[in-house]
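Chemist: Provided below are the primary sequence and the corresponding predicted coordinates.
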Amino acid sequence: MDIAANGADGQWKLTRKAMDEAGLKIGDVWLRYFSLSGAAGEYELEAYLSGLVTLPPIQRDLVSHAVNELIDERPPPRKAPYSDELGEGRQQ
């Protein structure tokens, strides 16, 4: 991880990147964050994830935790099958 990824600025950027890559929506993240006892409102969370405001470390960690939980609940990406998984067996 490079120096730009450290601290509060790096945390929101990397959290937002993970969120975007997983296709998570702000509303879903906020709902999970709020259920984890998050104190920020949905608009404040959106501002944080856009780099417009900062949150205290514990709140930032709750946002990251909410995003990670939602990512863990998503189905894994499809993988390419091997021939024996398709019932063909191995040919030499």
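Modeler: Arrived safely, thanks for sending.
Chemist: please enumerate the helices of the protein.
Modeler: Taking DSSP state H, the helices of the chain run over residues 7-22, 26-35, 42-49, 57-73.
Chemist: among these, which comes closest to Glu85?
Modeler: For these, distance to Glu85 was read as C-beta to C-beta. The smallest value, 25.0 Å, belongs to helix 57-73. The way it works is simple: take the backbone N, C-alpha and C, and place the C-beta from them, glycine included.
Chemist: so which elements touch the closest one?
Modeler: Helix 57-73 is packed against helix 7-22, helix 26-35, helix 42-49, with contacts defined by 3 or more C-beta pairs under 8 Å, 6 or more residues apart in numbering; DSSP states H and E.
Chemist: next, the buried residues of the longest one.
Modeler: Along helix 7-22, these residues count as buried under the neighbour rule (16 or more other C-beta atoms under 10 Å): 11-12, 15-16, 19.
Chemist: so how far is Gly51 from Asn68?
Modeler: To Gly51, Asn68 is 20 Å away according to C-beta to C-beta, to the nearest Å.
Chemist: more crowded one of these two?
Modeler: Asn68 (15 against 12; other C-beta atoms under 10 Å).
Chemist: how far away is the residue nearest to the more buried one when sequence neighbours are not counted from Glu44?
Modeler: Residue nearest to Asn68 in three dimensions, not counting chain neighbours: Ala18, with 7.7 Å by C-beta to C-beta, 6 or more residues apart in numbering. Separation of Ala18 from Glu44 (C-beta to C-beta): 19 Å.
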